[in-house]
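make a model of this:
(2 chains)
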Amino acid sequence: MDLKIYDTSRRAKVIFEPREADKVGLYACGPTVYDRIHIGNARPLVVFDVLSRLLRTLYPTVTYVRNITDIDDKINARAKERGIDIRELTETTVARFREDCEALNCLPPDHEPRATETIPEMIALIERLIDQGHAYALDDGHVLFDVPSWDDYGKFANKDRDEQISGARVEVASYKRDPADFVLWKPSDGDTPGWPNPWCDKGRPGWHIECSAMSEKFLGPDFDIHAGGIDLVFPHHQNEIAQSCCAHAPTDRQDRFARYWMHNGYLMSEGEKMSKSLGNFYTVAELLEEFPGEVLRLVLLKTHYRSPLDFSKDKCREAKAELDTLYQSLRGHSASDLDQFELIVEGGLAVTKALADDLNTPSAVSHLHALAKGINRGPSQIYPVGSVSANTDLLEQKRILKASAKMLGLLQKDPEDWFKAGAPTNGPTEAEIEIQIEARKEAKASKDFAKADQIRDDLQAQGVILEDKPGGITEWRRA
RNA sequence: GGCGCGGUGGUAGAGUGGUGAUACACCGGAUUGCAAAUCCGUUUACAGCGGUUCGAUUCCGCUCCGCGCCUCCA
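A predicted model of the protein is given here:
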């Protein structure tokens, strides 16, 4: 199956051809760990998690690398502001980040390098750039990339330097030879973290060099896919390309740096651009208090990754309703029963095909609904939990649905857990619910429907919905 | 000023040169003691104006409107 992806550098949808037939290297720009991630940060995490899952079904070997930026002036400022050690801030933030990723059902990447663990590689890269005449060191310890030394600068981001000088807000540091030159290394003063280096006593890297160093360390100077948010196209990715291409003579690599570039679109919040001054962005953590992570994940996947997405709690509520329907179709079988179907890619499953077309996740989700519809139309439309009367074809269909959804990271929970777990703080326990159901059963048996309805209404007021099934069995779920 | 993206039914959101994706909501029906869940059905679409075409929401041009980037940012 051909995988088509939209490549930012070519501005077109193209057929993906890995450097080596059976191996794919994927690098995604990860978080700067100074605070908990917000829902906008979650979009690339989820989108490129789906990409990594798809790649793994299409190729035998996939190496997924996502960095952690733990050197940054925002980190320094935040630590100072909170009066804590920088290391303490980054460690706790990384831990929280991992929790958020897990809640969003994002699988861990193969490598999660940290900037602080890649300093020697960065220094080596900068030295190469100086040697090759693409960077210059100043007396105060700054090292800058010499933009005019590379003719192709600006090509990737489609920025013509001459045409954008007017009107652009460019603050030019006086130490720059050219306004576009950017920092590779800078000196650190007393309480700012720094490392020994050839240019000053203590210094730290600039923003862009870390990704050049970390991607090369794990994937080599020429790899397949580099991914990130659209806002990183310029300057971050343009500068990465400049650094990596200039540091290596063309003979070092088969091509130049990443062969394909994928960028996810912006995320808005409740109709407005997210901004800290408006305070209108949600952290993943606060959303998780209100919605399961799977709901957030579905909201993010219901819009194509390159389109702008207006995130809202209304969309979360809608996604919750959709997941309820999908899980409802899987009901009646345990997670492990449903897990026995191995997805056969060659079979050309609709979901795989949709994803292979530049990650068309909305279309993929629609196929999930089609599968669920087929199951619900099946011979035993209504059957109680635990009755194994549902025929095997139906079970097989459910397995296909679950296997299909796996690539999207959805529907992997036990259906009963989806409906029953996650009790709200004040909700009744399962045992209490069962007692009420038993009482209602007796009321129904004696035709006391008023009492039966009263019990049901009371439970509903506590967020528990009862569903009467054939055979006098009553099923329940939390709203 | 430069570069780029988009305008689809109540809402969200795919897609296609010619049979109404899909979801949520609404309404009607089936089922149910009544519900819930599920199924069936109805109803609203492709910003405007031209062009190409047997035929355009889909291709081309223009107009209008919205949005993003141009060295903090996923």
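
now do the SS call for residue A:216.
helix (DSSP: H, G, I helix; E, B strand; the rest coil).

so what's residue A:466 up against?
By C-beta atoms under 8 Å, 6 or more residues apart in numbering, the contact set of residue A:466 is A:437, A:440, A:456, A:459-460, A:474-476. The C-beta positions use only the backbone N, C-alpha and C, and glycine is treated the same way.

biggest separation within these, which pair?
A:460 and A:475 (14.1 Å; C-beta to C-beta).

with neighbour numbers in mind, choose between those two.
Between residue A:460 and residue A:475, counted using other C-beta atoms under 10 Å, the more crowded position is residue A:475 (18 against 12).

re earlier: may I ask which of the contacts of residue A:466 has the most neighbours?
residue A:440 leads the contacts of residue A:466 on contacts (other C-beta under 10 Å) with 23 neighbours.

before we move on, which element is that residue in?
helix A:430-445 (DSSP states H and E).

name the helices or strands packed onto the next helix or strand after that helix?
For helix A:430-445, the following helix or strand on the C-terminal side (DSSP H and E) is helix A:449-461. On a contact count with 3 or more C-beta pairs under 8 Å, 6 or more residues apart in numbering; DSSP states H and E, helix A:449-461 meets helix A:430-445, strand A:464-469.

so of those, which one's packed in deepest?
Most buried of the helices and strands packed on helix A:449-461, by mean neighbour count (mean count of other C-beta atoms under 10 Å): strand A:464-469, with a mean of 16.

tell me the angle of that one relative to helix A:430-445?
For strand A:464-469 against helix A:430-445, the angle by axes from the mean of the first three to the mean of the last three C-alpha atoms, to 10 degrees is 50 degrees.

need the next SSE after strand A:464-469, C-terminal direction.
That would be, after strand A:464-469 and using DSSP H and E, strand A:473-478.

quick one: the helices in the stretch 301-450 of chain A, in order.
A:313-330, A:335-338, A:350-356, A:361-377, A:392-406, A:415-420, A:430-445, A:449-461 (DSSP state H, counting those that start in this stretch).

all strands of the stretch 151-300 of chain A, in order?
A:182-187, A:203-205, A:225-229, A:260-264, A:267-269, A:272-273 (DSSP state E, counting those that start in this stretch).

contact partners for residue A:311?
Here residue A:311 is in contact with A:39-40, A:267-270, A:282, A:299-300 (C-beta under 8 Å, 6+ apart).

do you know the pLDDT at it?
We note a pLDDT of 93 for residue A:311 in this prediction.

if we can go back for a sec, and which of the contacts of residue A:466 is nearest residue A:97?
residue A:476 (35.7 Å).

quick one: contacts for that closest one?
Contacts of residue A:476 by C-beta under 8 Å, 6+ apart are A:419-420, A:433, A:437, A:459, A:464-467.

recalculate using a threshold of 6 Å.
Residue A:476 sits next to A:433, A:464, A:466 when contact means C-beta atoms under 6 Å, 6 or more residues apart in numbering.

what bridges to it?
Judged by DSSP bridges, the bridge partners of residue A:476 are residue A:466.

excluding chain neighbours, what is closest to residue A:329?
Sequence neighbours aside, residue A:372 is the residue nearest to residue A:329 in space, at 3.9 Å (criterion: C-beta to C-beta, 6 or more residues apart in numbering).

burial measure for that neighbour, as a count.
22.

the one 4 residues further on now?
The local packing count at residue A:376 equals 14, with neighbours defined by other C-beta under 10 Å.

if I look at it, how far off is RNA strand B?
Separation of residue A:376 from RNA strand B (C-beta to the nearest atom of the strand, to the nearest Å): 3 Å.

what sits against that residue?
residue A:329 are the contacts of residue A:376 under C-beta under 6 Å, 6+ apart.

could you redo the last one with a cut-off of 10 Å?
A:325, A:328-329, A:382, A:394, A:397 (C-beta atoms under 10 Å, 6 or more residues apart in numbering).

same check, this time on residue A:327
Going by C-beta under 10 Å, 6+ apart, the list of residues near residue A:327 reads A:294, A:372, A:410-411, A:413-419, A:477.

so which residues of the stretch 151-300 of chain A form helices?
Under DSSP H, counting those that start in this stretch, the stretch 151-300 of chain A gives helices at A:161-164, A:209-219, A:238-247, A:284-288, A:293-301.

among those helices, which comes closest to RNA strand B?
helix A:161-164 (3.6 Å; C-beta to the nearest atom of the strand).

up against RNA strand B, what does the stretch 301-450 of chain A have?
A:302-304, A:307-310, A:315, A:318, A:321-322, A:324-325, A:328-329, A:357, A:360, A:362-363, A:365-366, A:369-370, A:372-373, A:376-377, A:381-382, A:444, A:449 (C-beta under 7 Å from any atom of the strand).

residue of chain A with the smallest distance to RNA strand B?
residue A:229 (1.9 Å).

residues near that residue, how many?
So residue A:229, with other C-beta under 10 Å, has 20 neighbours.

quick one: residues contacting it.
Neighbours of residue A:229 in contact, by C-beta under 10 Å, 6+ apart: A:28-29, A:40-41, A:43-44, A:47, A:236-237, A:263-267.

output those residues as a markdown table; include the columns pLDDT and distance to residue A:117.
Below are the contacts of residue A:229 laid out as a markdown table (pLDDT from 0 to 100; distance: C-beta to C-beta, whole Å):
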| residue | pLDDT | distance to residue A:117 |
| --- | --- | --- |
| A:28 | 96 | 18 |
| A:29 | 94 | 17 |
| A:40 | 92 | 27 |
| A:41 | 93 | 22 |
| A:43 | 95 | 27 |
| A:44 | 95 | 22 |
| A:47 | 96 | 26 |
| A:236 | 92 | 20 |
| A:237 | 93 | 22 |
| A:263 | 94 | 26 |
| A:264 | 94 | 26 |
| A:265 | 93 | 31 |
| A:266 | 89 | 31 |
| A:267 | 91 | 30 |
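
restrict those residues to those near RNA strand B?
A:29, A:40-41, A:43-44, A:236, A:264, A:266-267.

so what are the domain limits for chain A?
Domain assignment for chain A, taken from automatic domain parsing, gives A:4-264, A:267-420, A:430-478.
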